[in-house]
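Q: Could you work out the structure for the sequence below:
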Amino acid sequence: MADRSERHRQPWRPDELQKLHTLAKKGMALKAIAKALTRSEESVKERAKQDGLSIAKLH
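A: Numbers count the residues shown, from 1 in each chain. From the prediction side, this is the model:
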């Protein structure tokens, strides 16, 4: 849970956005993307929605 408070409300960096787009396009699950980016699932879901990305629910 330490990751969540450290990154809370931090802006997305360009490298994180690129990784989000790459992982989402590969069809990776939300939970896995959140872990890879050390972001909450809610944060990843919101950002993906803003960017028009679809993320797999489960694998």
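Q: Find the residue at the geometric middle of the chain.
A: residue 44 (3.2 Å; CA atoms, centre = their mean).
Q: Please, which helix or strand holds that residue?
A: Per DSSP states H and E, residue 44 falls inside helix 41-50.
Q: now that helix, how far from the centre of its chain.
A: Distance, stretch centre to chain centre, for helix 41-50: 6 Å (CA atoms, centre = their mean, to the nearest Å).
Q: any idea of the mean pLDDT in it?
A: When pLDDT is averaged along helix 41-50, the result is 94.
Q: same check, this time on stretch 11-21
A: Rounded mean pLDDT across stretch 11-21 is 96.
Q: which ones are touching the nearest residue to residue 27 once chain neighbours are set aside?
A: With CB to CB, 6 or more residues apart in numbering as the criterion, residue 27 has its nearest non-adjacent residue at 5.3 Å, and that residue is residue 56. (Glycine included, C-beta is placed from N, CA and C.) Residues in contact with residue 56 (CB atoms under 8 Å, 6 or more residues apart in numbering) are 27, 28, 29, 30.
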